[in-house]
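[1] Generate coordinates for the sequence data below:
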Amino acid sequence: PPPVQTSKKFHTHAGVREREREREREMEGKEEEWRKNADTHKMSPEEVKKAGVEASKRPPGHDPGGVLHQRRKLPYSPFAMAVGGFLVVATIGYFTLYIKKKPEASAREVAKVTTGVATPEDTRPRK
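    Predicted coordinates:
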């Protein structure tokens, strides 16, 4: 197979130095970005000066840059969640009464008792 040709730029000292400079520029950009978005509301004024992040000082809660102190929208409306909760509680109540019922009672009679529409004839044992 023919030899693989590579750029001579990366094999010289100048190429190595150039790559190092590029990395330094990238790191400087990241360092500056951190300094602009630093969360300083928990730092004392001396700590802020020491860290060199005076540019990011702002009152707490005003565009903090992160997800701290943010509220997310609920996945469902409060009404829908209340209805869902009621249905879960009603289902648990029904199954609790169904498990504890007498052997001669039917599922329909248990449902009547659960909803509160049962008459005394529905709750008396059959002969």
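
[2] Burial check on Val113, number of neighbours?
    Val113 is flanked by 17 other residues according to other C-beta atoms under 10 Å. Heads up, the C-betas are built off the backbone N, CA and C, glycines and all.

[3] please renumber so the chain begins at 48
    Okay, residue one is now 48; in that scheme the one you just asked about reads as Val160.

[4] what packs against the helix or strand harbouring Glu156?
    Secondary structure from DSSP states H and E places Glu156 in helix 154-162. Contact here means 3 or more C-beta pairs under 8 Å, 6 or more residues apart in numbering; DSSP states H and E; on that basis helix 154-162 packs against helix 125-147, helix 167-170.

[5] which residues sit against the last one?
    Applying C-beta atoms under 8 Å, 6 or more residues apart in numbering, the set of residues contacting helix 167-170 from outside is 156, 159-160.

[6] which among those gets closest to Thr138?
    Val160 (14.9 Å; C-beta to C-beta).

[7] ok, then the element right after the worst-scoring helix or strand of the chain on mean pLDDT?
    Using mean pLDDT, DSSP states H and E, helix 60-83 stands out as the lowest-scoring helix or strand of the chain, at a mean of 69. Using DSSP H and E, the next helix or strand after helix 60-83 towards the C-terminus is helix 92-98.
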